[in-house]
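*Asks:* for reference, the sequence and a predicted model appear below.
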Amino acid sequence: MSLICFRDVTLGYQGQPVVKDISFEIFQGDCLCVTGQNGSGKSTLVKALLGFVSPMQGKIIKDGTLKNAVGYLPQQQPAQNDFPASVREIVLSAFQGRKKFFSFYTAKEKQLVEENMEKMQITHLANRSFKELSGGQRQRVLLARALCAATRMLLLDEPAAGLDPIVNEKLYETIADLRKDGMTVVMVSHDLDRALPVSSHVLQLGQTMQYFGPTSEFDPESSLKEESKNADRNFS
Amino acid sequence: MQIEISLETLFSSNLAPLLLKALVVGLLTAVCSAILGVPLVLKRYSMIGDGLSHVGFGALAIVTALGVSPSSRMLAALPIVILAAIFLLLLSESGKIKGDAAIALISTGSVAAGYIILNITGQGAGDICSSLFGASILTLQNMDVTLSVLLATGVLLVFVLLFSKIFAVTFDPVFARSSGVPVSPLNILLAVLSAVTVVVGMKMIGAIMISALIVFPALSAMRICKRFRQVIFCAAGLSALNFLLGLFFAATVEFRVGGQTSSLPIGPCVVFFNALTLLLCMGAQRFVKKKETPLASENASEKVKNPNKQ
């Protein structure tokens, strides 16, 4: 059975459709790379995957095991720029969704935090304040938090934004490793050169669904031409 | 003009019980508003406190016009302010009207309504002045003490039980929601607690100035502390200290101009000390920044470290 299934889904806000006719399925262990130009509905799709937006038409079926098991990497928000919090506090907050009251973390959770901070190479920053960090360092903190929250699925919105090449490499290695352990990954990415080698499927959006299928049959070149043709048509 | 410091008021036997009431109500409100202020300021909701205090003024006018006795006016105004808080929050979340515009609409609207009602019912200018700028401690009722103790218990309970959830919701509501934290109920809880704080504090500090107690301590604490928990403790401490200073100043310092003696109201004094603290904290932040090693050097050393790890 699939983890997530979209059937002829139309997404949008206040009666205005953003992206139409999306149909795809994700199975456990898949890595789906979502791509498309600005305004093609990628972020809306992410919101639908998280359940923040309900479909205007069609049906989204999600496996029950995904509840509180998705590690989400949002795009950074300017409101966080002056936030007084240590890196460790932020990564630990990944577990809050599974807790009722109080804030005691188990030894296992603390260990997971240390492991994921090590993976993202931020262990030496653990006691630093978030507001003192650079954009790339912040991205690594939020990635570590997403890794902690992900027990079944990792949902990454532009994971490579602001990362230097070394950490970027490490990120895709981590994704490949996680998939071996059965993790399902969905990532929105423009960085196709790096994202495609680790992904199993591609979903290309542009107001409608332009491609969905295995990565091996996806030709980024032709789709780019298609997109620029569309863009030309839109301009003329 | 003569300035005179007298400890008479402080120790005169007939004022002492009132001063004790003022101390309890004021300290508890100051601490609660500072604690609530940290998430509110960080969520960019500072103006909600301001909007609520104006709604509080309108609500007080309405219950006064309805003939509610002075001792239970606060309690009667409370539901109106709580509803306004929830409404403001939902309005700014839905994004239909931008949050700041929504607050401006509601706060000016309720001040207008309150002023009209007070004029129709023929309340004196004294009443309006005291509810806008804070009354003297002579008007404090036992109900105020009860309310402030209840409020403080509520705020402390919520922050002890839900501290990390409030942190998660404040830092990143989108992630918090995706990981299963009940974001909207927590926001509403914060809004309701802010409404209670505003109503309880309004009488002493004044409707116009009560939001200073929410904003100033949080901003001061954020200048000198780096962690969320530290900021909350620091804000609470600074707020309590500034309230004590303000109360002491208002109770002991007398101005003599010509033949007339006048003492200062508490509200503006407390706000004044809060403003002074913020300036001091900004100075301290600059001083510390100069002494600290800049982050750039840390970044450089990290880049040297990385290749070894690979």
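*Replies:* In hand now; what should we look at? Numbering: from 1, shown residues only, chains lettered A, B, ... in the order given.

*Asks:* what about A:I61, how many neighbours?
*Replies:* Using other C-beta atoms under 10 Å in any protein chain shown, A:I61 has 12 other residues around it. Every residue, glycine included, has its C-beta placed from N, CA and C.

*Asks:* equivalent analysis for B:S130, please.
*Replies:* For B:S130, using other C-beta under 10 Å, the count is 17.

*Asks:* nearest residue to it in space, please, no chain neighbours.
*Replies:* B:T139 (7.3 Å; C-beta to C-beta, 6 or more residues apart in numbering or on different chains).

*Asks:* now that neighbour: how far from B:M204?
*Replies:* Using C-beta to C-beta, to the nearest Å, one gets 9 Å for the distance from B:T139 to B:M204.

*Asks:* between those two, which is the more surrounded one?
*Replies:* Neighbours per residue (other C-beta under 10 Å) separate B:T139 from B:M204, with B:M204 holding more: 28 against 13.

*Asks:* so, low pLDDT: which residues of chain A?
*Replies:* A:103, A:221-236 (pLDDT under 70).

*Asks:* likewise for chain B?
*Replies:* For chain B, the ranges with pLDDT under 70 are B:1, B:7-14, B:95-99, B:123-127, B:136-138, B:291-310.

*Asks:* strands of that one, start to end?
*Replies:* Taking DSSP state E as the criterion, chain B carries its strands at B:2-5, B:253-257, B:260-263.

*Asks:* what's the most buried one of those?
*Replies:* strand B:253-257 (a mean of 13; mean count of other C-beta atoms under 10 Å in any protein chain shown).

*Asks:* and that strand, C-alpha only, in CSV?
*Replies:* The C-alpha atoms that make up strand B:253-257 are tabulated as CSV, following Å, rounded to 0.1, in the frame of the first residue of the first chain:
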residue,chain,number,x,y,z
VAL,B,253,8.7,61.5,45.9
GLU,B,254,6.6,64.6,46.2
PHE,B,255,6.8,67.7,44.1
ARG,B,256,6.0,71.1,45.5
VAL,B,257,5.2,73.8,43.0
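
*Asks:* how far off centre is that strand?
*Replies:* 28 Å (C-alpha atoms, centre = their mean, to the nearest Å).

*Asks:* just the helices in the stretch 1-150 of chain B please.
*Replies:* B:8-11, B:16-42, B:46-65, B:73-94, B:99-120, B:125-133, B:142-171 (DSSP state H, counting those that start in this stretch).

*Asks:* the residue nearest the centre of chain A: what secondary structure?
*Replies:* Nearest residue to the geometric centre of chain A (C-alpha atoms, centre = their mean): A:L156, 1.4 Å. Look at A:L156: counting by DSSP: H, G, I helix; E, B strand; the rest coil, its state is strand.

*Asks:* hmm, A:L147 and it touching each other?
*Replies:* No: contact criterion C-beta atoms under 8 Å: A:L156 and A:L147 do not qualify, at 10.0 Å.

*Asks:* what's the neighbour count on B:Y115?
*Replies:* 16.

*Asks:* now A:P197
*Replies:* 11.

*Asks:* reformat the strands of chain B as TSV; add distance to A:L3.
*Replies:* Below are these laid out as TSV (distance: least, C-beta to C-beta, whole Å):
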stretch	distance to A:L3
strand B:2-5	73
strand B:253-257	70
strand B:260-263	70
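
*Asks:* looking at the ones you listed, which is nearest to chain A?
*Replies:* For the strands of chain B, the distance to chain A is smallest for strand B:253-257, at 35.2 Å, taking C-beta to the nearest C-beta.

*Asks:* contacts for that closest one, please.
*Replies:* With contacts defined as C-beta atoms under 8 Å, 6 or more residues apart in numbering or on different chains, strand B:253-257 is touched by B:M1, B:Q2, B:I3, B:E4, B:I5, B:S6, B:T261, B:S262, B:S263, B:L264.

*Asks:* name all residues that make contact with residue 122.
*Replies:* You didn't pick a chain, so chain A it is. So A:I122 contacts A:V87, A:Q137, A:R140, A:V141, A:A144 (C-beta under 8 Å, 6+ apart).

*Asks:* ok, back up a step: skipping adjacent residues, who's closest to the residue nearest to the centre of chain A in space?
*Replies:* Closest to A:L156 by C-beta to C-beta, 6+ apart is A:M187, at 4.1 Å.

*Asks:* surely that neighbour is in contact with A:V34?
*Replies:* Yes: counting by C-beta under 8 Å, A:V34 is a contact partner of A:M187 at 6.9 Å.

*Asks:* circling back to that earlier point, what's the most distant pair in the contacts of A:I122?
*Replies:* Across the contacts of A:I122, no pair lies farther apart than A:Q137 and A:A144, at 10.8 Å, counting by C-beta to C-beta.

*Asks:* which one's more surrounded, those two?
*Replies:* Neighbours were counted for A:Q137 and for A:A144 using other C-beta under 10 Å; A:A144 has more, 30 against 24.

*Asks:* run through the strands of chain A in chain order.
*Replies:* Under DSSP E, chain A gives strands at A:4-13, A:16-26, A:31-35, A:57-62, A:70-73, A:153-157, A:184-188, A:201-206, A:208-214.
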